[in-house]
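Peer 1: fold the following.
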Amino acid sequence: MKRLRHFLALSFTFIRENRFMLAVIAAFYLIVASFSYLIYQQTYESLFNGLQNELTSTARLAGASINGDEHRQLQESGAESSPLYHNLKKRLQEVRDANPKIRYAYTMAHTNDPNKLQFIVDAEEDPKLVSHLGDPYDVSGIIPQGFDGALADSEPYTDEWGTFLSGYAPIYDSSGRAVAIIGIDMSLETVNKTLAGQQKLIFIPLGILFLVPLVLSRLLFKKTRIITQAQPA
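Peer 2: As a prediction, the model looks like this:
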């Protein structure tokens with residue numbers, strides 16, 4: 001009991017004598033914590049914007065490589081068994097397979113119903129997942145993206161195939177009219193995995209920053225521990 005009272009007395013004395021340094025250490029921790037949160041948020045936004053740009057760029061380049069006149073011809077014919085369909089499907093598969101982060105690549109066009117688009121060509125091979133020529137896609141309540149220029153979703157969305165972040169770009173015919181769009185999908189799982197892998201890199205320098213006040217604290221409290229251990233029981 002006597003040792004405890006003595007320790008408490010020493011602790012109060014130490015705090016009183018070193019209150020300025022302790023306040024500096026506490027302030028440093030607060031600054032580092034705030035700085036870490038800010039860096040984390042900015043890093044997340046930067047990485048997310050990078051994925052959006054990647055999807056937009058991929059869609060733009062892929063859309064430019066597709067002949068809009070042939071695409072419109074395919075849409076009008078509805079001939080999924082034609083060589084034209086298989087050639088376009090092969091092209092989309094090449095786009096998809098060139099980037100392991102891409103899950104789906106497909107083209108869509110307007111229908112007579114403003115609330116629906118229709119699939120034209122889908123790179124998917126799985127018969128349970130593939131969208132066939134003419135299959136409708138409900139866009140009720142949203143503005144179809146991609147016909148006015150390449151862009152990416154502002155946030156992931158969910159449909160019957162899962163949750164994705166997607167990029168879109170127009171497919172132009174010889175007159176310069178956007179007759180269809182190409183869609184490039186990245187699954188939410190891939191998005192999160194990519195972001196998490198990159199964000200780990202920022203924890204190393206932030207960890208070093210947290211060590212600085214920790215070392216200072218240990219140096220200050222070492223004096224109290226040595227004095228306490230030297231006192232008789």
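Peer 1: the closest residue to residue 182 other than its chain neighbours: which element?
Peer 2: Nearest-residue entry for residue 182: residue 63, 4.5 Å, with adjacent residues in sequence omitted and distances by CB to CB, 6 or more residues apart in numbering. To be clear about C-beta, it is placed using only N, CA and C from the backbone, and glycine gets the same treatment. If you go by DSSP states H and E, residue 63 is part of helix 19-64.
Peer 1: circling back: what sits against the residue nearest to residue 182?
Peer 2: 150, 169, 170, 171, 172, 181, 182 (CB atoms under 8 Å, 6 or more residues apart in numbering).
Peer 1: between those, which is nearest residue 105?
Peer 2: residue 182 (7.1 Å; CB to CB).
Peer 1: for the closest residue to residue 123 other than its chain neighbours, what are its contacts?
Peer 2: The shortest distance from residue 123 to any non-neighbouring residue, by CB to CB, 6+ apart, is to residue 92 (3.7 Å). By CB under 8 Å, 6+ apart, the contact set of residue 92 is 62, 105, 106, 107, 121, 122, 123, 182.
Peer 1: now do residue 53
Peer 2: Residue 53 touches residue 152, counting by CB under 8 Å, 6+ apart.
Peer 1: just the pLDDT for it.
Peer 2: pLDDT for residue 53: 96.
Peer 1: measure it to residue 110 for me?
Peer 2: 27 Å (CB to CB, to the nearest Å).
Peer 1: got it, and residue 69?
Peer 2: Here the criterion is CB to CB. By it, residue 69 lies 16 Å from residue 110.
Peer 1: same question for residue 175.
Peer 2: Applying CB to CB to residue 175 and residue 110 gives a distance of 16 Å.
Peer 1: what about the two, which has more around it?
Peer 2: Neighbours per residue (other CB atoms under 10 Å) separate residue 175 from residue 110, with residue 110 holding more: 17 against 8.
Peer 1: wait, the more buried one sits on residue 137?
Peer 2: No: in this structure, residue 110 is not within contact of residue 137 by CB atoms under 8 Å, at 11.0 Å.
Peer 1: residues that sit against both of those two, list them.
Peer 2: Common contacts of residue 110 and residue 137 (CB under 8 Å, 6+ apart): 117, 118.
Peer 1: do you know the pLDDT at residue 189?
Peer 2: Reported pLDDT for residue 189: 95.
Peer 1: that older thread, tell me the helix or strand right after the helix holding residue 63.
Peer 2: Counting by DSSP H and E, the next helix or strand C-terminal to helix 19-64 is helix 68-77.
Peer 1: in which helix or strand would I find the nearest residue to residue 109 once chain neighbours are set aside?
Peer 2: Closest residue in space to residue 109, ignoring its immediate chain neighbours: residue 180 at 4.2 Å, by CB to CB, 6+ apart. Here residue 180 sits within strand 178-187, counting by DSSP H and E.
Peer 1: give me the sheet partners of that strand and which way each runs.
Peer 2: strand 104-110 (antiparallel), strand 162-172 (antiparallel) (DSSP bridges).
Peer 1: what comes up buried for it?
Peer 2: Within strand 178-187, the residues scored as buried using 16 or more other CB atoms under 10 Å are 178, 179, 180, 181, 182, 183, 184, 185, 186, 187.
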